[in-house]
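K.L.:
Dropping the sequence and predicted coords here.
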Amino acid sequence: MVQQHYDRYTAQDQLVWKVLFDRQTALLHKRACTAFTRGLQRMGFHRNAIPSFEEVSERLGQSTGWTVVPVAGMVNDATFFALLAERKFPATVWLRSMQQFDFIDEPDLFHDVFGHVPLLTDAAYANFLQFLGHVARRHQHDAVALQRLRALYWFTVEFGLVLEDDQPRIYGAGLLSSAGEVHHCVHDETTRHSFDLATVLHQEFTELRFQEQYFVLPSWDQLTESIAELSALLAADWQLKPVE
Ligand SMILES: [Fe+2]
């Protein structure tokens, strides 16, 4: 855990935020799901300033009780899921440079804050994410269970789509914060399956290139329904105690 030293962001950093913000908000028009668009407004993010984590936590706290925890970079799975279980989201304080604009190899502030935070204002998403944290924490010594939970996290929280007005809309942060993949994931020729929890849990994924397939929730309510479904699958499939 680190501090966000806001005064250390340079004019160049602020410019990077502004250009990324402008590009993504334009790209996501009519492509992002309603919960994200509403969340972005609720958080009050704007092009002229990198968000202050203190203010982010204050606003999130007022809506769903989540906070962001500033971190220097990626945290290990155990820490990550333990934080989620406590309604704390680890967010990176560093921001990519102009030279790295489209080529970062690990999440930066733009991905974590622009991509993830707005949806944390949504009750269904906020509860789903906390539940994943609980389940993962409980099964932290079970490599198979953790692999399945990573797959679920990947195809929902990072690369998830949801059907709205018969159109696939984006809610995965990996998509919301990436210019190229926004086009790819909703392209007519891209493979999209209707979300099925058991299938997603067993799915393999790559971090190295655009996804070859995406899973589309039939409705936003499916996130909440997945919580109960996951509990049942845990008991039946993994021979483990269901999570209360
Ligand atoms: Fe992420």
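P.N.:
Received, thanks.

K.L.:
Only C-alpha atoms from now on, for both contacts and neighbour counts.
P.N.:
Fine.

K.L.:
now the strands: where do they sit in the protein?
P.N.:
Listed in chain order, the strands of the chain (DSSP state E) span 67-71, 88-92, 161-164, 167-170, 191-194, 213-217.

K.L.:
Return the set of buried residues in the fifth one.
P.N.:
I take that to be strand 191-194. R192 (16 or more other CA atoms under 10 Å).

K.L.:
and that strand, which strands flank it?
P.N.:
In the sheet, strand 191-194 lines up against strand 213-217 (parallel) (DSSP bridges).

K.L.:
Alpha carbons only: can I get the strand it pairs with in CSV?
P.N.:
C-alpha atoms of strand 213-217 as CSV (Å, rounded to 0.1, in the frame of the first residue of the first chain):
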residue,chain,number,x,y,z
GLN,A,213,-14.5,-14.7,-27.4
TYR,A,214,-16.7,-12.8,-25.0
PHE,A,215,-19.6,-13.7,-22.8
VAL,A,216,-22.7,-11.5,-22.8
LEU,A,217,-25.0,-11.3,-19.8
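
K.L.:
angle of the least confident helix or strand in the chain by mean pLDDT against strand 213-217?
P.N.:
Of all helical and strand segments in the chain, the minimum by mean pLDDT, DSSP states H and E falls on helix 221-237, at a mean of 84. Angle of helix 221-237 versus strand 213-217, following axes from the mean of the first three to the mean of the last three CA atoms, to 10 degrees, is 110 degrees.

K.L.:
still on that earlier bit, any idea which of the strands of the chain gets closest to Q24?
P.N.:
Closest to Q24 of those is strand 167-170 (CA to CA; 12.1 Å).

K.L.:
residue ranges for the helices of this protein, please.
P.N.:
Assigned helices in the chain, in chain order: 11-28, 34-43, 53-63, 77-85, 109, 123-138, 143-153, 173-176, 179-186, 197-201, 221-237 (criterion: DSSP state H).

K.L.:
In CSV, list the C-alpha atoms belonging to the fourth one.
P.N.:
What that stands for is helix 77-85. Taking C-alpha atoms only, helix 77-85 is exported to CSV below (Å, rounded to 0.1, in the frame of the first residue of the first chain):
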residue,chain,number,x,y,z
ASP,A,77,-4.1,-12.8,-5.6
ALA,A,78,-4.5,-13.3,-1.8
THR,A,79,-4.2,-9.6,-1.1
PHE,A,80,-6.4,-8.7,-4.1
PHE,A,81,-9.3,-10.9,-3.2
ALA,A,82,-9.0,-10.1,0.5
LEU,A,83,-9.4,-6.4,-0.3
LEU,A,84,-12.4,-7.1,-2.5
ALA,A,85,-14.1,-9.1,0.3
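
K.L.:
Give me the distance between that helix and the centre of its chain.
P.N.:
Offset of helix 77-85 from its chain centre (CA atoms, centre = their mean, to the nearest Å): 14 Å.

K.L.:
what mean pLDDT would you report for that helix?
P.N.:
Averaged across helix 77-85, pLDDT comes to 95.

K.L.:
which parts of it are buried?
P.N.:
Quick answer for helix 77-85 (16+ other CA under 10 Å): 80-85.

K.L.:
Reformat the residues you listed as a markdown table; add distance to T190.
P.N.:
Converted to a markdown table, these look like this (distance: CA to CA, whole Å):
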| residue | distance to T190 |
| --- | --- |
| F80 | 31 |
| F81 | 31 |
| A82 | 34 |
| L83 | 34 |
| L84 | 31 |
| A85 | 34 |
